[in-house]
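1. Compute the structure for the input listed below.
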Amino acid sequence: MTKEHEITSGVNNSNATSTSTHETGKYSTPELQAAFDAGRALGRTEGMLSYQRHIMNQLFAENQKLNQKLQEQKGGRS
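-> Down below sits the predicted model:
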């Protein structure tokens, strides 16, 4: 398979095997593994909350603009 074919066909060229501990999360003791897993879960949760906060702010701003346009349209007709 040529490189161009891989790129155009959407084949993922990444290597599935990670080489370092921070990528794999495979630690030698259960305590370290548990700490890693807890940190990963916390990071995902915080990331989701941050994203949702961002989306809510965007929707709130858009809602304000649309309400303002609606009020302008109502004011022009009366």
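2. going forward, measure contacts between C-alpha atoms and count neighbours the same way
-> Will do.
3. gap between Lys65 and Gln58?
-> According to Cα to Cα, to the nearest Å, Lys65 and Gln58 sit 11 Å apart.
4. Equivalent analysis for Glu31, please.
-> 41 Å.
5. What of Ala34?
-> In terms of Cα to Cα, Ala34 sits 36 Å off from Gln58.
6. now Tyr51
-> 11 Å.
7. Can you show me the helices along the chain?
-> Secondary structure of the chain (DSSP state H): helices at 3-8, 21-24, 30-77.
8. now these in JSON lines, with mean neighbour count?
-> Supplementary listing: the helices of the chain in JSON lines, determined by neighbours: other Cα atoms under 10 Å:
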{"stretch": "helix 3-8", "mean neighbour count": "10"}
{"stretch": "helix 21-24", "mean neighbour count": "10"}
{"stretch": "helix 30-77", "mean neighbour count": "12"}
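9. how about these in TSV, adding mean pLDDT?
-> Converted to TSV, the helices of the chain look like this (pLDDT from 0 to 100):
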stretch	mean pLDDT
helix 3-8	52
helix 21-24	57
helix 30-77	91
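10. Now the phi/psi pair for Lys26, please.
-> Main-chain torsions, Lys26, degrees, to the nearest 10: phi -100, psi 100.
11. Pretty sure it sits against Ala35.
-> No - counting by Cα atoms under 8 Å, Lys26 does not reach Ala35; the two are 11.2 Å apart.
12. Would you mind grabbing the residues shared as contacts by those two?
-> The contact sets of Lys26 and Ala35 do not overlap (Cα atoms under 8 Å, 6 or more residues apart in numbering).
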